[in-house]
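Asker: A predicted structure for the sequence below; I have some questions about it.
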Amino acid sequence: MSDVLTKHDTPKAPERVRRLPSPRLYVWIAGLVLLLALPFYLERFWLQAGLFAMAAAIGAIGLNLLTGSTGQLSMGHAFFLAVGAYAYCAFAGNGDDELTGLGLPTWLAAVLAVGVAGVAGGLFSPIAGRLRGAYLGIATLALIFIGQHVLFNAHDLTGGFNGRAVPPMEFFGLSFDDSELLVAAVPFGASEKLWYLGLALLVAGGLFARGVLRGRPGRAMNAIRDHQIAAGVMGVPVARYRAAVFVLSSMYAGLAGVLLALVFQRTVPEYFGMVLSLEYLAMIVIGGLGSVSGAVVGAVFVSLLPQILTRYSDSLPLVSEAGTGGVSPGEAAKYLYGAALVAVVLFLPGGLVRLFARRPKSPAPQPSGTEGNDR
């Protein structure tokens, strides 16, 4: 008898099952294509509103890494936005307005501004690594008061009460200002150009944060949030991780501050106050703590609501301009997302992003009489 296997006796290798792309992937691609096409059709108001939402989303992603994923309460997020915005003006300014300016290339000024925000977070990180809960929140709240004092009194650097003009971004020969650029017979101004810059920064920031949360650092951050002592017993360097996440969150805030400055075209100290920090906390709670997409959803909701109310205040009941007897659009927006915050905490703890999450499929019912076969 031959020991050689015949052709028919040769075991076949298992065939690979080709997976079809998830429907969610097609939704993301369609959404991205839609966002890329919007500057060709939207008017300036909606483009600026979208840019404010993008900047808010970048800052909210950073705060969600800190508060939602690591459990560190921060009330001073607006301080780091101000550091990024004013550092960009100082690095990119040429001194024509009699204010401090180094005249660096604007792309380099933006990178350095994000780095300065990270350095500011690093200087505070020893405190952030040792405090937690309400104590850390109170400590970061002090940053707001310090920042406001500096912004109003360091006139040569910040311009004082009136703020300072923001140099437009320029790189690869393209200037992100109001000089018109024809693209497919559509005039592109500052808002249209900045739209693609903001979209690229948001996508890059979201993908990086998603990678952090899905990797080993994300598991360590969640362990610190859920049980700090147990995380330390498992070998997680708690203080070092908490300090590092605080620096990363500060850099996200600095990047958001740079984009906000470019959209506003002028930095004003009053904007970077305590109210802005509270709005960022509302964004991550309403959208969903510990989720990148939740931070984006919450940022869009909180940042667009007052602008939409202002836009359509004439046709909305009880909403009118300040001093005319009704509720101003800004106050109405605060009431609405305050109510949304309470509703989310009570009825939807996972945030608005849970409304779009896939529900697990229920197991198929087994026919009667099969229970005993598995025993």
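Answerer: Looks like it came in fine. Predicted, not measured: the structure shown is a model, and the values here were computed from it.
Asker: can you map out the helices along the chain?
Answerer: Using DSSP state H, the helices assigned to the chain run over residues 23-37, 44-63, 77-92, 106-128, 134-153, 155-158, 190-214, 216-226, 228-233, 238-264, 274-287, 292-311, 329-347.
Asker: Tell me which residues of the last one come out buried.
Answerer: Within helix 329-347, the residues that count as buried by 16 or more other Cβ atoms under 10 Å are Pro329, Ala332, Ala333, Lys334, Tyr337, Ala340, Leu341, Val344. Any C-beta I mention is one placed from the backbone N, CA and C, and that applies to glycine too.
Asker: so the second one touches Tyr312, yeah?
Answerer: Think Ala332. No - the criterion here is Cβ atoms under 8 Å, and Ala332 misses it with Tyr312 at 11.0 Å.
Asker: Quick check: Leu112 touching Ala90?
Answerer: No - if you go by Cβ under 8 Å, Leu112 and Ala90 don't touch, sitting 9.3 Å apart.
Asker: dump the residue contacts of the residue nearest to Thr140 when sequence neighbours are not counted.
Answerer: Distance criterion Cβ to Cβ, 6 or more residues apart in numbering; nearest residue to Thr140, sequence neighbours excluded, is Gly76 at 3.5 Å. By Cβ atoms under 8 Å, 6 or more residues apart in numbering, the residues touching Gly76 are Thr140, Leu141, Ala142, Leu143, Ile144, Gly147, Ser277.
Asker: Next one: Gly76 relative to Leu136, how far apart?
Answerer: As for Gly76, its distance to Leu136 is 10 Å (criterion: Cβ to Cβ, to the nearest Å).
Asker: ok, now Gly189?
Answerer: Gly189 is 42 Å from Leu136, where distance means Cβ to Cβ.
Asker: Who has more neighbours out of those two?
Answerer: Leu136 (24 against 16; other Cβ atoms under 10 Å).
Asker: The more buried one contacts Thr67, correct?
Answerer: No - judged on Cβ under 8 Å, Leu136 makes no contact with Thr67 at a distance of 9.8 Å.
Asker: which residues do those two both contact?
Answerer: Contact criterion Cβ under 8 Å, 6+ apart; residues shared by Leu136 and Thr67: Leu73, Ser74.
Asker: which non-adjacent residue is nearest Gly330?
Answerer: In space, Gly330 is closest to Pro306, 5.3 Å off (Cβ to Cβ, 6+ apart).
Asker: Pull the contacting residues for that neighbour.
Answerer: Pro329, Gly330, Ala332, Ala333, Lys334 are the contacts of Pro306 under Cβ under 8 Å, 6+ apart.
Asker: In TSV, list those along with distance to Ala30.
Answerer: Shown next, in TSV, are these (distance: Cβ to Cβ, whole Å):
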residue	distance to Ala30
Pro329	32
Gly330	34
Ala332	33
Ala333	29
Lys334	33
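Asker: Return the member of the residues you listed nearest to Ala261.
Answerer: Nearest to Ala261 among the contacts of Pro306, counting by Cβ to Cβ, is Gly330 at 20.9 Å.
Asker: Now do the contacts for that closest one.
Answerer: Contacts of Gly330 (Cβ under 8 Å, 6+ apart): Pro306, Leu309, Thr310.
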